[in-house]
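[1] predicted coordinates and the sequence they were generated for:
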Amino acid sequence: MRTVRDTPTKHIRQMRNNKKNDFVSMSDLLSDFKSQSKLQKGFEKVDVEGAWNTIMGPGVTNYTTQLKFTAGTLFVNLSSSVLRQELMYGRTMIIKNLNEHLGKDMIEKIVLR
């Protein structure tokens, strides 16, 4: 049973005393959340798609019909066979640039279709 001394203000005072003076940035909180949640794979897919659009630019993005990222492999569907052939020659450089943009080695292989 609540007494006069167990009012919400007492609880608030206790919370104030338990506060830490350490401030955590929002990006650190989000990265911790991403790594601890089951949504990690979904976030990785979104990050990879964003990196593809940024690194490859609008010229390649306009011909990209579908991107799928699964188990370290990026599947890219292209509507231009000429562009697909050109990108085949630079696959290792594309992987390197995408991984640098992502900040970690997520992409091991690119399959161009």
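    Looks like it arrived, so ask away.
[2] where is the longest helix in this structure?
    Counting by DSSP state H, the longest helix found in the chain is helix 40-61.
[3] following that one, which helix or strand comes up?
    strand 64-70 (DSSP states H and E).
[4] helix, strand or coil for Met106?
    Under the three-state scheme (DSSP: H, G, I helix; E, B strand; the rest coil), Met106 adopts coil.
[5] quick one: the spatially most central residue of the chain and Val24, what's the gap?
    Residue closest to the average C-alpha location in the chain (C-alpha atoms, centre = their mean): Asp47, at 3.5 Å. Remark: distance between Asp47 and Val24 (C-beta to C-beta, to the nearest Å) = 21 Å. C-beta here means a position set from N, CA and C on the backbone, and glycine is covered the same way.
[6] and what of Tyr63?
    Tyr63 is 42 Å from Val24, by C-beta to C-beta.
[7] in terms of neighbours, single out the busier of those two.
    Tyr63 (18 against 9; other C-beta atoms under 10 Å).
[8] look up how far Met106 lies from the more buried one.
    From Tyr63 across to Met106, the span is 23 Å (C-beta to C-beta).
[9] likewise for Tyr89?
    Distance, Tyr89 to Met106, using C-beta to C-beta: 22 Å.
[10] who has more neighbours out of these two?
    A count of neighbours by other C-beta under 10 Å puts Met106 above the other of Tyr89 and Met106, at 16 against 9.
[11] show the pLDDT at the more buried one.
    Looking at Met106, its pLDDT reads 94.
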